[in-house]
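Engineer: Need coordinates for the below:
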Amino acid sequence: MGGPEWGAEMSALDDIIARDSAAQQASPLDSIIARDSSVQAPASAAGSSGPAQPTAAGQQPGMVASLGAGLGHGFGSTVLGAQELLGKGLTALGSDRVGPWLVNDAQQGVKNLDAQNQPYAAAHSTTNTVGNIGGNIAATAPLATLAPAAATATALGRVGTGAAIGAASGAMTPSDPNSQESYWDQKLGQAGTGAAFGAGGALLANALGKVISGAGGTSQKTLADAGVTMTPGQALGGGFARTEDKLTSVPILGDMIKNAQQRSVQSFNKAVYNDVLAPIGKTYDGPVGSEAVQAVKSQIGNAYDSALSKMTFKASDPAFQSDITNLAGLAQNLPAPQQQTFMNVLKTQVFGKVSPQGVMDGQTLKGVQSELGRISRGYTGDASFDNRQLGAAIGEIKNAIDTSLTRYNAPGDVQALSNANAAYAKFVRLRGAAASTGAMNNDGIFTAAQLQSAVRAADKSAGKGDTATGNALMQDLSSAGQSALGSKYPNSGTPGRAALMGILGALGGGGATAAGFGGPTLAAGAAAGLAALPYTGLGQRATQALLMSRPSFAQPVGQFVGKSVSPFAAALGAALAK
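Structural biologist: Coordinates of the predicted model:
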């Protein structure tokens, strides 16, 4: 570090500084202070008080003046601290004029700033301190703007950037001439403290951003919007959910968590019911399970029948006749018995039910479509492949009639029929989930994983392409449920719930001793009871609202605070450390 070339360069720079110092005989800051003192001296002698003499003539600086003085002091001392650090560094590198001059000039400047700020600090200590913090932040703010975007993209990166900014800010603190520590030991301590406070400031800004945004990711928000009530761990996701699952083994609390998780799955079932009914503008509000599935089916059937009853069917529709001709041609590929059955159904259930004018009224139409659906389902479920093909062909007759109705009936009635058909398409997925083996063993209550399987099974796109790309019908809800709620239905938490009620009853009724709860046992029971409150029915809903309910603008604001404000929060933390 002290080679001939480096020494020659430092000597040349020292000569320049020495020449400038001889010409000025004082630092620029000293000159300014001297000039201000000479200008203000007459005013002071005359008994008036100028800005540099705030305590003269019995006057006291105001709060605004103290705030401004603090701002100037905080900004100036940070800049001078950086100058001192630079001078010490140059001195360590071999400069015997530039380095010492920068150090001495900075230290004298700090003394002058302290002397000028003292009356303002004495008058309004808190206001002046706030100003000092603001000045420190203003002086180190450029460091925050230098933080690379990649470094602030993650929470860990923001904390690391905050620590770096805090360390740099702490190193820019002027040294204490009265300290027993060496200059570099002071710098090490100041940088370490600044790093800790800077990281803390960034961490708090990141946490504040999350609080503003609300908890939960895309899956949680999808479920919340659908009306699903989650446990705190499910709403927060990630490590919180894993920790909550591990706590299910804790006595009392664990059973309460399981019970709350059961309610989450049940509320998911109800959300699915309502999603299925949404196209026809209906909702379901009752117990979940097999009876609920039947109730949903009945509502869709009623909507379909209501739409059909207002329509008429015209067998003379050319497009319908073309569809039926094509179907009859395809039916020729079936074995003779199935061909005959197809033609008999077409004759008796369609053309045999129309009037001489080739028209079928709404009530007759309802019966025809219902019977076609029944026959189609019967053959489709048969063990014989040929019969299953026959069932599919009869189902296409029903579809051809539905399609025909849209061409000559009133738009409102057509829309009502379309809505009923859309609801039924969703019901097929619900029915598959409720009929799965696991759900059948649980009275028709299904998990998100079971719905996910039903969604995939009902996907008729080539190679299950809609499922593969995440676009299958109802996959948004099933995927969100599986991500946040898991794939299992929790065991009952009845024993733990009963124990908790016993504890709470003993506490509330003053019968803790009689109930066997006293001393440490009572304290442990009380702690368990409090911890279990978010897992009661009311507590679960309230906790989710507290964690997740936010206006639409909250998320972008929270993201801005978490990412963009973190570096400046680090500067604030470092300033507080000073």
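Engineer: Quick one: neighbours of residue 291, just the number.
Structural biologist: Each residue near residue 291 was counted by other C-beta atoms under 10 Å, and the total is 12. Where C-beta positions appear, they are placed from N, C-alpha and C, glycine not excepted.
Engineer: Can you tell me the closest non-neighbouring residue to it?
Structural biologist: Computed as C-beta to C-beta, 6 or more residues apart in numbering, the closest residue to residue 291 that is not its neighbour in sequence is residue 444, at 7.8 Å.
Engineer: Count the residues that sit near the one you found.
Structural biologist: Number of residues near residue 444 (other C-beta under 10 Å) recorded here: 20.
Engineer: repeat for residue 177
Structural biologist: Residue 177 has 9 nearby residues by other C-beta under 10 Å.
Engineer: so who does it touch?
Structural biologist: By C-beta atoms under 8 Å, 6 or more residues apart in numbering, the residues touching residue 177 are residue 107.
Engineer: So for stretch 286-293, first residue to last residue, what's the gap.
Structural biologist: 11 Å (C-alpha to C-alpha, to the nearest Å).
Engineer: Over the strand or helix carrying residue 240, what's the mean pLDDT, rounded is fine.
Structural biologist: Element membership of residue 240, judged by DSSP states H and E, is helix 238-246. Across helix 238-246, pLDDT averages out at 87.
Engineer: Renumber starting at 665 from here on
Structural biologist: Yep, numbering from 665; the last one is helix 902-910 now.
Engineer: how about that helix as PDB, C-alpha atoms only?
Structural biologist: The C-alpha coordinates for helix 902-910 follow below in PDB (Å, rounded to 0.1, in the frame of the first residue of the first chain):
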ATOM      1  CA  GLY A 902     -46.400 -21.600   4.000                       C
ATOM      2  CA  GLY A 903     -44.600 -22.200   7.300                       C
ATOM      3  CA  PHE A 904     -47.500 -21.000   9.300                       C
ATOM      4  CA  ALA A 905     -49.700 -23.800   7.800                       C
ATOM      5  CA  ARG A 906     -47.000 -26.400   8.500                       C
ATOM      6  CA  THR A 907     -46.600 -25.200  12.000                       C
ATOM      7  CA  GLU A 908     -50.300 -25.300  12.600                       C
ATOM      8  CA  ASP A 909     -50.500 -28.900  11.300                       C
ATOM      9  CA  LYS A 910     -47.700 -29.900  13.700                       C
END
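Engineer: And for it, what's in contact with it?
Structural biologist: By C-beta under 8 Å, 6+ apart, helix 902-910 touches 895, 896, 897, 898, 921, 1148, 1150.
Engineer: Can you get me a residue count around the fourth one?
Structural biologist: Under the neighbour criterion other C-beta under 10 Å, residue 898 is assigned a count of 26.
Engineer: just to revisit the earlier point, can you pull the phi/psi pair for the residue nearest to residue 955?
Structural biologist: Here is the backbone geometry of residue 1108 (degrees, to the nearest 10): phi 80, psi 0.
Engineer: That one against residue 961, yeah?
Structural biologist: No: in this structure residue 1108 lies outside contact range of residue 961 using C-beta atoms under 8 Å: 11.9 Å.
Engineer: Break the chain down into its structural domains.
Structural biologist: Following the assignment in automatic domain parsing, the chain carries domains at 665-686+726-809, 813-878+1226-1242, 942-1149.
Engineer: okay, those domains in JSON lines with distance to residue 1197 and mean pLDDT next?
Structural biologist: Formatted as JSON lines, these follow (distance: least, C-beta to C-beta, whole Å; pLDDT from 0 to 100):
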{"stretch": "domain 665-686+726-809", "distance to residue 1197": "39", "mean pLDDT": "80"}
{"stretch": "domain 813-878+1226-1242", "distance to residue 1197": "21", "mean pLDDT": "76"}
{"stretch": "domain 942-1149", "distance to residue 1197": "21", "mean pLDDT": "95"}
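Engineer: dump the residue contacts of residue 1118.
Structural biologist: Per C-beta under 8 Å, 6+ apart, neighbours of residue 1118: 1093, 1094, 1095, 1096, 1097, 1100, 1110, 1142.
Engineer: Any figure for the gap between it and residue 793?
Structural biologist: Using C-beta to C-beta, to the nearest Å, residue 1118 is found at 64 Å from residue 793.
Engineer: quick one, strands of this structure?
Structural biologist: 977-978, 1023-1024 (DSSP state E).
Engineer: Can you give me the neighbour number for residue 786?
Structural biologist: 14.
Engineer: And residue 1116, by the same measure?
Structural biologist: 23.
Engineer: Hmm, it is touching residue 1146, no?
Structural biologist: Yes: with contact defined as C-beta under 8 Å, residue 1116 counts as touching residue 1146 (5.3 Å).
Engineer: Next, count neighbours for residue 959.
Structural biologist: 14.
Engineer: List the residues that contact it.
Structural biologist: Applying C-beta under 8 Å, 6+ apart, we find residue 959 in contact with 948, 950.
Engineer: can you do 6 Å?
Structural biologist: Taking C-beta atoms under 6 Å, 6 or more residues apart in numbering, we find residue 959 in contact with no residue.
Engineer: mind checking how far the closest residue in space to residue 738 that isn't next to it in sequence is from residue 793?
Structural biologist: Distance criterion C-beta to C-beta, 6+ apart; nearest residue to residue 738, sequence neighbours excluded, is residue 799 at 2.4 Å. Here the criterion is C-beta to C-beta. By it, residue 799 lies 11 Å from residue 793.
Engineer: between those two, which one's more packed in?
Structural biologist: Set residue 799 next to residue 793 and count neighbours by other C-beta under 10 Å: residue 799 wins out with 23 against 16.
Engineer: what are the ranges of the helices in the stretch 1065-1214 of the chain?
Structural biologist: 1075-1098, 1101-1104, 1112-1121, 1129-1132, 1139-1149, 1158-1173, 1184-1196, 1201-1212 (DSSP state H, counting those that start in this stretch).
Engineer: Residues contacting the fifth one, please?
Structural biologist: Judged by C-beta under 6 Å, 6+ apart, the contacts made with helix 1139-1149 from elsewhere in the structure are 883-884, 886-887, 898, 928, 932, 939, 1112-1113, 1115-1116, 1119.
Engineer: and with 7 Å instead?
Structural biologist: Around helix 1139-1149, the neighbours that count as contacts under C-beta atoms under 7 Å, 6 or more residues apart in numbering are 883-884, 886-887, 890, 894, 898, 901, 928-929, 932, 936, 939, 1112-1113, 1115-1116, 1119, 1131, 1134.
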